[in-house]
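A.B. asks: Need the 3D shape of this:
(one chain, ligands or ions: 3)
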Amino acid sequence: MDTIEIIQPDDWHVHLRDGDHMRAVLAHTAARFGRAIVMPNLKLPVTSTEAAARYRDRILQVLPSGARFEPLMSLYLTDNTRPDEIRRARDAGFVHAVKYYPAGATTNSDSGVTDIVRCADTLEAMAEAGMPLLVHGEVTDPQVDVFDRERVFLERTLGALVQRLPRLRIVLEHITTAEAAAFVRAAPENVAATITAHHLLLNRNAIFQGGVRPHHYCLPVLKRERHRQALVEAAISGSPKFFLGTDSAPHARHTKENDCGCAGVYTAHAGIELYAEAFDAAGALDRLEGFASLHGADFYGLPRNTRRIVLERRPWSVPQEYAYGEHRLVPMRAGGDIGWAIA
Ligand code: NCD
Ligand code: ZN
Ligand code: ZN
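C.D. replies: Ligands and ions are numbered 1, 2, ... in the order given. Below you'll find the predicted structure:
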């Protein structure tokens, strides 16, 4: 199979940032995806419906002309998010999820939740409102090995949450382990997961290939090959619980090539093409459409897209860097080739 036509995909987890940074990266996402869940972890987190409305306006203002792309907004959960805010968000219509960052777990998560038990009333309101909870699933306990933080989060936090709130729809974001894939598969149907292209294509050797590779550092960190294989198996399984979320997370080059480099891999420049590579390598191109274009919309209760795109096996070279406001950004596969392109 050298070409494949699929319903236009959506990206259920993307970081667009703000201001000049957003201007630089939004076109990549909008050229590929019909819709995207826009993460709320700005420097000043998007914690209210009004802030989400203003952020949405800023996105729409810098959309390239002619782009048909709909940003789906999310709210940033804090210890102080009130049930009222959830009802306001639902009534507004453009907020489609609430994001749970354990405080300190990842980029701009300092205002995140210190203990999810404090959010009990708000989570009830979310279950009531049909508002999905998106989870960055890692413990922040410094005693826990970085490579175990996702697995331990399932044991310490997520298992109990799923039991306590059987009606709450939950997406475990950017899963990275065999344990997370198994957890989601075994959970009731209100629990799903997104999987990134980089976690399907790379294992943790990529962080250390010939020297330390800051552009392959993200959170949750890349894991062993057996975990990558389990993620591929989940993605190509056809299960509606698994769907596309790039977690494209741009950072300026100098903030990653740094004494204390930022976490995040930028993949929006090839946001569907990299998945085509991964599915092709697994001999499962026929499963790409479900994963990329159907399962996420179904889970979120949104209509499936009607437009279609064609992907073809046609290698193209990825630039060494892209402009990123006044800075530069190093994309995944910089200076290398990607085997699939949009026709
Ligand atoms: C994300 C970012 O940079 O905003 N980084 C990452 O490594 N994935 C935050 C996140 O999704 O955890
Ligand atoms: Zn995250
Ligand atoms: Zn993310």
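
A.B. asks: in this structure, which spans are strands?
C.D. replies: Taking DSSP state E as the test, the strands found in the chain are 3-7, 11-14, 35-38, 70-76, 95-100, 133-135, 170-172, 191-195, 242-244, 308-317, 322-324, 327-329, 337-342.

A.B. asks: looking at those, which is closest to ligand 1?
C.D. replies: strand 11-14 (7.2 Å; Cβ to the nearest ligand atom). Just so you know, the C-beta spots here come from the backbone N, C-alpha and C atoms, and that holds for glycine as well.

A.B. asks: was I right about residue 201 contacting residue 280?
C.D. replies: No. Residue 201 is beyond contact range of residue 280, at 11.0 Å (criterion: Cβ atoms under 8 Å).

A.B. asks: Tell me which of those two has more neighbours.
C.D. replies: More neighbours surround residue 201 than the other of residue 201 and residue 280, with 20 against 17 (other Cβ atoms under 10 Å).

A.B. asks: Please report how far that one lies from residue 275.
C.D. replies: Separation of residue 201 from residue 275 (Cβ to Cβ, to the nearest Å) stands at 9 Å.

A.B. asks: Please identify every residue contacting each of the two.
C.D. replies: Common neighbours of residue 201 and residue 275, using Cβ atoms under 8 Å, 6 or more residues apart in numbering, do not exist here.

A.B. asks: Report the contact partners of the residue of the stretch 101-250 of the chain found nearest ligand 2.
C.D. replies: The nearest approach of the stretch 101-250 of the chain to ligand 2 comes at residue 136, 3.6 Å away (Cβ to the ion). By Cβ under 8 Å, 6+ apart, residue 136 lies in contact with 99, 100, 101, 102, 105, 106, 109, 112, 173, 174, 219.

A.B. asks: Grab the nearest non-local neighbour of residue 88.
C.D. replies: residue 49 (4.6 Å; Cβ to Cβ, 6 or more residues apart in numbering).

A.B. asks: can I assume the one you found is in contact with residue 92?
C.D. replies: Yes. Using Cβ under 8 Å, residue 49 is in contact with residue 92, at 5.0 Å.

A.B. asks: of the contacts of residue 136, list those near ligand 2.
C.D. replies: Contacts with ligand 2 within the contacts of residue 136, counted by Cβ under 5 Å from the ion: residue 106.

A.B. asks: ok, which stretches of the stretch 101-250 of the chain are helices?
C.D. replies: 120-129, 149-153, 159-164, 178-186, 197-201, 225-235 (DSSP state H, counting those that start in this stretch).

A.B. asks: what's the closest of these to ligand 1?
C.D. replies: helix 197-201 (9.5 Å).

A.B. asks: the more surrounded of residue 49 and residue 92?
C.D. replies: residue 49 (21 against 14).

A.B. asks: That one and ligand 1: what is the separation?
C.D. replies: 21 Å (Cβ to the nearest ligand atom, to the nearest Å).

A.B. asks: do the same with residue 202
C.D. replies: Residue 202 is 13 Å from ligand 1, by Cβ to the nearest ligand atom.

A.B. asks: I'd guessed that residue sits against residue 222; true?
C.D. replies: Yes. With contact defined as Cβ under 8 Å, residue 202 and residue 222 form a contacting pair (5.5 Å).
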